[in-house]
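Participant: Structure for this input, please:
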Amino acid sequence: MKTGYFEYRDPNHPKILYLKGKKSLKNNLLFMAAYPFLKPVLYNKAEMMSRQLGYDGWLMAFIYPSDLMIADYFYDQPIAAYTQKNTGILRRLLDNPDYPIDTVICCWGNAISDFVTSKFLELQLYDLLDILIYRDPPMRTVVLDYIKDSRIPEAIDKIRLNKPLILKDYDAKTERKKIRLKYNLPPDISYRM
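Facilitator: Next up is the predicted model:
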């Protein structure tokens, strides 16, 4: 791995990746993807995007911290523990003054609407949006683009770098409310708290 870059993996399971990036003491852009990329080149793309947008560092967190996108993995106990740990890590990251972050780019793509993974990922996203929204001050949530004819944030691999990047505000509160109503969750209480 290049100097200055870091990964935070689960010590007992190397396929579980909670965070990846290049930390800056000045300003960091946080990307929220569906799950870790299989292609390392996409992390290079995140770095180029952050530089183009005027950030010195970048971090990437995931709705689900593994590329094991198989339905059977979603409901056993060890995986539930990984999702809870993932939520806690994001909360601690945003509370840590050594990682100055003011903006989150939502870039999870259509994995959130896939018929196999959608419920699991939406419930995990519900928790993560809770962390982003109920902060003082709240995190700025943005997208670079939406999937055509939807309000789903476009995945990072679909964003083109040959044109200026323009951040568009993303209504995280409305998205969280939509998930709450869809799954009949109690109001203003995080799913796993």
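Participant: now the most centrally placed residue in the chain: how far from A111?
Facilitator: The C-alpha lying nearest the average C-alpha coordinate of the chain belongs to M32 (Cα atoms, centre = their mean; 2.0 Å). According to Cβ to Cβ, to the nearest Å, M32 stands 12 Å off from A111. In this view, the C-beta of every residue, glycine as well, is placed from N, C-alpha and C.
Participant: which residues are in contact with both of the two?
Facilitator: Common contacts of M32 and A111 (Cβ atoms under 8 Å, 6 or more residues apart in numbering): I63.
Participant: Wasn't L29 part of a strand?
Facilitator: Yes - according to DSSP: H, G, I helix; E, B strand; the rest coil, the state of L29 is that of a strand.
Participant: is it true that it touches M60?
Facilitator: No - using Cβ atoms under 8 Å, L29 makes no contact with M60, being 9.5 Å away.
Participant: I'd guess R176 is in a helix, am I close?
Facilitator: Yes - counting by three-state DSSP, R176 is located in a helix.
Participant: what ranges do the strands span in the chain?
Facilitator: Ranges of strands in the chain, per DSSP state E, are 5-10, 13-22, 28-33, 57-62, 101-106, 140-143, 168-169.
Participant: Quick one: closest of these to Q124.
Facilitator: Across those, Q124 has its closest neighbour in strand 57-62 (9.2 Å, Cβ to Cβ).
Participant: Describe which strands the closest one pairs with in its sheet and in which direction.
Facilitator: strand 13-22 (antiparallel), strand 28-33 (parallel) (DSSP bridges).
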